[in-house]
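show me the folded form of this:
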Amino acid sequence: MPQASEDVLCQICGATMPACGIMSHTRMCEKKERQRQEEEELTEALQETRKKPPQLDDIKIEYHPHSKIPSTVHPFSDFSRRCPTEDTMPHHASPWEPFRTRLDFKVTEIALAAAMTKDQINRLFELMCCAASAKEDFTLQSHDEVHTLWKMASKQFTPFETSTISVLHHGEACEYTMYSRCLWNWALDLMRDIQFAPHFVFDAQHLYKFNGARFLQLRLSPDAKPLVFILYADKAKLSSFGTKKGYPIVVRIANLPVEICNVVGWLPIVKEDPKHSRKKSFVNFKSAVWHESFLKLLEAVIVHSKSGYWFECWDHVQHLLWPLILILSTNYEEQCVMSLIRGLKGKFPCPVCLVPQEQQLVLSDAHLLCTSTQSLGVLNVARSTSTEKEKEKQLKVYSLRDVENCFWKVSHCNIHQALSFDCLHSDNAGMWGDHLWSELQWRNLKHFLQVVGVDFNDGLAHEDISKMIIFMAQNVLSRTNSELGHLLLCCIRCYVDLDIDAALEVHTEDTIAAGRDALSQFSTLMDLYIEKLHPETGKSWNFPKKHLLMHLFDNILAKGVTWNYNTKVNEKMHGPLRAIYLQQMNFRDVTPQILHYDHWQLTSTSIRDEIDDLDAYTDNLKAAIEPEATKNSEDVINAAHVQLGARQGDFSFSDIEQTHATDRAFFDLLQCNPKFFGSPRYDCVIIKTEHQPLFARLIYMFCCKVGGTELSLALIHPYDVGIGVCHRQDLDLGLWQVQAKPRSSSEFIFVESIICGIALASDPEAVNDYFIMDTIDTDMFLRIKALQGSSGLHFQCQ
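Numbers count the residues shown, from 1 in each chain. You can find the predicted model right below:
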């Protein structure tokens, strides 16, 4: 082989070239030679063409005169508008680079096409590495094989069944398809399953919590012996850009932790008919379809609700199960369908009690509760009348529809009392989103234009806004700026307190009493606001979602905390169903496909849980044999209830002081995460002290080795300067204010003394003054209430 410095003769053109450039020169000569040969062939072809007479359908091409290219004639079968291309040598022998191998690119190409998440991609790579290292055999060969295996595995759970529902409308039978699991068999599946069965609670309990002086009774539902069902149903869009809707039924068992749930049914949706929409007969028809369909789901439950059912659980203990439908979780519109009342414009628009339509505004008056027995009696009496007009008159008196309720067939089920307060739609999207939030918009607060000018359909977004709006608006809607606006802000603060009281995950006699007080105060302030507002707007506050607040704490006493029946929990099930629709469907015959994949996902989750249990059991055995294997990672340090992560490395005190030489907090002393998603973040915390909690901002967290002892320490910036006299505005809005010390007053604490993190909102009218955002979560809310109580400061808007 010639050396790089030698000259080499090109075999095509005869030129002499240095050896280092001969390869590129040769490729260029080869290209020119091919072009020359093609031109000669074209010339010969043109000459031959001129000799031949044109044939039928031949194509003649004339070029622009300036091109100096002669005209050509082509047989129709050979003609193409595309320019002929030559076979060229690929410019890269490894076109998949920068991917290291062809297989690397193929796998990442599939991951990109499937829109896999970061976690899914990491799991896929982990599995491929496992298969490549021959640690475990991978035997699957095709999609059909995977389909068959899922089908076999899913047989362990109660499948979906299809039923045809027939309902008369104007004398014509209309048929609809209902998809459902047998609700009773689904419950028995759980009781056989060793993962869930140990968590069933069949014995009623009264729990008490010691508050330092006495034991307080925790108010829980006394009905724990029966097998208790929590049912949810609501229509939902399957995509944000389409019109296709689904109507899933989600079930929970109250004897189990509330997060355990499944889709057990899919109700038919009756299409609107322009000829009959909004007519009484068509509304009754849609209600009849709903109840006939739901009846299919309840068939086995209805049978066993009358006599009970002896069942041997996983632990070989027999139980006499009595099914009970205790809770129906849904929004107001669905509650009207379930209870078969006439809704907003009926004489009695509440599905729970007989409040007259014109008295929903008043929250202090109690009304007679509705019962299933009463509703059934009214329907029977109405149907016994001689004329259709008389029947309708009788039903209108109680705002009932001429339809039989499927829940009447379930023993021990009072449909009206099973319907439960819905925090998401009644409070967050209703009382706040539709009304109080609209009042702020009406006040045209330019400071909040970016927020106020946006319409939110999501109740969760409304909930987040309601928790922060007090701190944003407190200096704008003051007494001096707007007396009515300030009163509105007081109403909002009281509403937020009430909403947080409703969201508590543990209730005591004291929290129930505090919640009722908050409801009473909210009612009083709203009455005052409505009285002053009415001459300006004439807005009516007489609507069901305001009245339903009356039943909030009665629901908590009867059925436990609102987390048991808040639709926020159930609507999370819509997300996976939408994902199936968007990612797995061919958009034909949608419902069976969605339920098919949902059944497989249930199977997959069950198998995954068993694998995790097996792995945990194996790890525990290894830990018993090899204790060293269970030590914490060096990047994570545990200190009581606090965990330090994202270790930055080892530094001396002088290194740290030099790095932060411009920060007064580090003078002769020693930040918490200088790169939290690209920006510094130094959280604020509550610190336990001898007398009362201390509020502070974290500056630096580190571990210090002293001899053989490792100490977890934090440098903090205290926010404990005395505020002095509390402002009337703060008392009106229940605000707790703190003030920062000079930066140079920073001090050390033990990490173990940190109670929890907090959020602060700056006071725009005072530098270094902040408000504690006690509305962010229930824990902080209770802590600040306790501080206000111990200091004698209470919410007292007048």
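
now for A300: which residues touch it?
Contacts here follow CB atoms under 8 Å, 6 or more residues apart in numbering; on that basis A300 touches C182, L183, W184, N185. Bear in mind the C-beta positions are built from the backbone N, C-alpha and C, glycine included.

distance of it relative to R181?
Distance, A300 to R181, by CB to CB, to the nearest Å: 10 Å.

do the same with P65
Counting by CB to CB, the separation of P65 from R181 is 79 Å.

who has more neighbours out of those two?
Legend: neighbour count by other CB atoms under 10 Å for P65 and R181, higher for R181 (23 against 7).

let me know the pLDDT of that one.
Per-residue pLDDT puts R181 at 94.

so which residue is dead centre in the chain?
Centroid check for the chain by CA atoms, centre = their mean gives K572 as the closest residue, at 4.9 Å.

can you pull out the helices in the stretch 651-798 of the chain?
Here the stretch 651-798 of the chain has its helices, by DSSP state H, counting those that start in this stretch, at 653-659, 728-733, 778-791.

those: which one's closest to Q583?
Closest to Q583 of the helices of the stretch 651-798 of the chain, according to CB to CB: helix 778-791, at 35.7 Å.

picking up where we left off before, got a pLDDT number for the residue nearest to the centre of the chain?
So K572 comes in at 86 (pLDDT).

T603 now?
The score at T603 is 88. That number is its pLDDT.

give me the longest strand you can find in the protein.
strand 694-706 (DSSP state E).

helices or strands up against that strand?
strand 684-687, strand 709-718 (3 or more CB pairs under 8 Å, 6 or more residues apart in numbering; DSSP states H and E).

output the contacting helices and strands for the shortest one.
When contacts are defined as 3+ CB pairs under 8 Å, 6+ apart, strand 684-687 sits against strand 694-706, strand 754-758.

need these in a markdown table with distance to V73 and mean neighbour count, can you?
Formatted as a markdown table, the helices and strands packed on strand 684-687 follow (distance: least, CB to CB, whole Å; neighbours: other CB atoms under 10 Å):
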| stretch | distance to V73 | mean neighbour count |
| --- | --- | --- |
| strand 694-706 | 84 | 18 |
| strand 754-758 | 83 | 18 |
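
looking at those strands, which is nearest to Q788?
strand 694-706 (14.1 Å).

now do that closest one, average pLDDT.
84.

chain center to stretch 572-585, what's the gap?
Chain-centre distance of stretch 572-585: 13 Å, with CA atoms, centre = their mean, to the nearest Å.

hang on, the earlier thing: pick the most deeply packed of the helices of the stretch 651-798 of the chain.
Comparing those on average neighbours per residue, with mean count of other CB atoms under 10 Å, the densest one is helix 728-733 at a mean of 18.

what about that helix, average pLDDT?
Averaging pLDDT residue by residue across helix 728-733 gives 84.

which strands and helices sit next to it?
When contacts are defined as 3+ CB pairs under 8 Å, 6+ apart, helix 728-733 sits against helix 483-503.

run the angle between the following helix or strand past the helix it packs on and helix 483-503 for me.
Note on helix 483-503: by DSSP states H and E, the next helix or strand toward the C-terminus is helix 509-537. Interaxial angle, helix 509-537 versus helix 483-503 (axes from the mean of the first three to the mean of the last three CA atoms, to 10 degrees): 150 degrees.

report the buried residues of stretch 716-735.
Buried residues in stretch 716-735, counted by 16 or more other CB atoms under 10 Å: 716-720, 727, 729-735.

most widely separated two among these?
Across the buried residues of stretch 716-735 (CB to CB), the longest gap, 31.2 Å, separates I716 and D732.

still on that earlier bit, what's the angle from the longest strand of the chain to strand 709-718?
150 degrees.

in the stretch 1-150 of the chain, where is pLDDT below threshold?
1-5, 42, 45-52, 57, 67, 76, 78-94, 96 (pLDDT under 70).

where along it do the strands fall?
Counting by DSSP state E, counting those that start in this stretch, the stretch 1-150 of the chain has strands at residues 7-9, 16-18, 59-61, 72-74.

which of those sits most buried?
strand 72-74 (a mean of 15).

can you put the strands of the stretch 1-150 of the chain in TSV and add distance to H291?
Converted to TSV, the strands of the stretch 1-150 of the chain look like this (distance: least, CB to CB, whole Å):
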stretch	distance to H291
strand 7-9	92
strand 16-18	91
strand 59-61	71
strand 72-74	74
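
what's the closest of the ones you listed to L354?
Closest to L354 of the strands of the stretch 1-150 of the chain, according to CB to CB: strand 59-61, at 86.7 Å.

what's that closest one packed up against?
strand 72-74.

tell me the strands beside the strand it packs on, with direction?
strand 59-61 (antiparallel) (DSSP bridges).

pull the longest helix from the protein.
helix 590-625 (DSSP state H).

now the angle between strand 754-758 and the longest strand of the chain, please.
Angle, strand 694-706 to strand 754-758, by the same axes, to 10 degrees: 130 degrees.

make 31 the starting number, not 1.
Yes, from this point I'll number from 31; that puts the last item at strand 724-736.

and the buried residues of stretch 746-765, which is closest to T403?
G764 (44.3 Å).

can you tell me how far the closest one is from Q818?
Distance from G764 to Q818, by CB to CB: 7 Å.

same deal with K575?
29 Å.

next: A412.
Applying CB to CB to A412 and Q818 gives a distance of 55 Å.

next one: I610
To Q818, I610 is 48 Å away according to CB to CB.

tell me which of the strands of the stretch 31-180 of the chain sits nearest to V258.
strand 89-91 (81.0 Å).

show me how far that closest one is from its chain's centre.
The answer for strand 89-91 is 64 Å, by CA atoms, centre = their mean.

check stretch 140-155 too.
For stretch 140-155, the distance to the chain centre is 21 Å (CA atoms, centre = their mean).

nearest approach to Y277 belongs to which of the helices and strands packed on strand 714-717?
Closest among those, once you apply CB to CB, is strand 784-788, at 41.0 Å.

the inter-axis angle of the closest one versus helix 808-821?
Between strand 784-788 and helix 808-821, the angle comes out at 110 degrees (the same axes, to 10 degrees).

what strands line up against strand 784-788, and which way round?
Each strand paired with strand 784-788, and its direction, by DSSP bridges: strand 714-717 (antiparallel).
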